[in-house]
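**Q** Okay, sequence plus prediction incoming.
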Amino acid sequence: MKITRRLALMSAAAAFALPSVANANRVVAPSPRSGPGAILGEGPLWSPRDNTLYWVDIRGKKLHALRLADNSAQSWDMPDLIDWIVLRQSGGFLVGILRTVHTLTLEPFKLTPLFEIEADKTDNRLNDAKVDAKGRLWTGTMHMPFNQKTAALYRIDADLNVHQTDAPYLCTNGPAFSRDGTRMYHNETSEGLVYVFDMAADGSLSGKQVFTKFAEGVGSPDGLTVDADDGIWVAHYNGSRISRYTPDGKLDFDIRIPAKQVTSVTFAGAGLDRLFVTTAAQPPVDADDPQAGTLFEVPTLLLRGHRGLPTNAFAG
């Protein structure tokens, strides 16, 4: 068959176009890295020590792990609501269980209680936590019936002294820190507010301002993280997305997640160039939300070159 110039050009165009369409289909949406059904999947933690992503199912009372080297998974049952998990510099972890902070080792499995926060507020529990670059633990509380502002934000220093740093809240969420450690971001989920604070070297906060307020119809701000370019990534609970904001509070872009109850987000991997998102399946779960409660990984292409900051470990 005689190959004309027109036919050759058409063939070349097709050869170029077809792989592009296939690639687009592969990266159009985040991919599941766990099965669905976590009642309240939350608090993803990247651990470079063992190349593992940890996350919790608060209401399911479980700790989950995904080992990135071989994609193997493991879970552990907890004695009560497990609110969060963070690394500890001396080894192992700290976890929040209901209102009590514990040390945790996994091999062998051992939980040791350290102290309780808001012991007199039995309708409250711990909710979300992060460690700053100086090794201090930041955690907040929430009112479980979700109708009274009795919660607060706390800082726990390496000597285990507990300091209340801001109040009142109904539902605290997502502490995270700027790259230079001079700003802290924190949410009041119930009001759709993300706050920013100035943070001094000693951990004291000042200059509280509204960083952004979520518009109607996009869900509520839940967990968050900060990338190496100081962008702020926020999970939209009941909003089916995560959003990246620039440091001046402007929406940069968002990424749709194939589940409605999006709870938190973190960077992971040796290059901190992989992004994982937790979701929940708290009743009632809509019939059109079959992947509720799944851990997702966002395709690298959708991250637009952004990478995360190293995971900090508690100094105490």
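**A** Arrived safely, thanks for sending.

**Q** residue contacts, the closest residue to Asn147 other than its chain neighbours?
**A** Across the structure, with CB to CB, 6 or more residues apart in numbering as the measure, the residue nearest Asn147 apart from its sequence neighbours is Leu170 (7.7 Å). Backbone N, C-alpha and C define where each C-beta goes, glycine included. By CB atoms under 8 Å, 6 or more residues apart in numbering, the contact set of Leu170 is Met142, His143, Phe146, Asn147, Gln148, Lys149, Thr150, Ala151, Glu188, Thr189, Ser190, Glu191.

**Q** List buried members of those by neighbour count.
**A** The neighbour count (16 or more other CB atoms under 10 Å) marks Met142, His143, Thr150, Ala151, Glu188, Thr189, Ser190 as buried among these.

**Q** can you list these in JSON lines and add distance to Pro175 and pLDDT?
**A** Formatted as JSON lines, the buried ones among the contacts of Leu170 follow (distance: CB to CB, whole Å; pLDDT from 0 to 100):
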{"residue": "Met142", "distance to Pro175": "13", "pLDDT": "98"}
{"residue": "His143", "distance to Pro175": "18", "pLDDT": "98"}
{"residue": "Thr150", "distance to Pro175": "19", "pLDDT": "98"}
{"residue": "Ala151", "distance to Pro175": "13", "pLDDT": "98"}
{"residue": "Glu188", "distance to Pro175": "12", "pLDDT": "98"}
{"residue": "Thr189", "distance to Pro175": "13", "pLDDT": "98"}
{"residue": "Ser190", "distance to Pro175": "16", "pLDDT": "97"}
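
**Q** of those, closest to Thr225?
**A** Distance to Thr225, by CB to CB, is smallest for Thr189 among the buried ones among the contacts of Leu170, at 15.7 Å.

**Q** do you know how far the closest one is from Trp233?
**A** 16 Å (CB to CB, to the nearest Å).

**Q** Surely Asn116 and Thr100 touch.
**A** Not quite, residue 116 is Glu, not Asn. Yes. Contact status for Glu116 versus Thr100: in contact at 4.7 Å, counting by CB atoms under 8 Å.

**Q** So for those two, which sits in the more crowded spot?
**A** Between Glu116 and Thr100, Thr100 has the larger neighbour count (other CB atoms under 10 Å), namely 18 against 14.

**Q** That one reaches Thr112, doesn't it?
**A** No. Taking contacts as CB under 8 Å, Thr100 lies outside contact range of Thr112: 10.4 Å.

**Q** and Ala215, that one's in a strand?
**A** No. Ala215: not assigned to a strand; according to DSSP: H, G, I helix; E, B strand; the rest coil it is coil.

**Q** ends of stretch 249-259, how far apart?
**A** Stretch 249-259 has an end-to-end distance of 25 Å (criterion: CA to CA, to the nearest Å).

**Q** What lies in contact with that stretch?
**A** Applying CB under 8 Å, 6+ apart, the external contacts of stretch 249-259 come out as 29-30, 36, 196, 211-212, 231, 236, 240-246, 277, 279, 289, 291-294, 296, 298, 302, 304.
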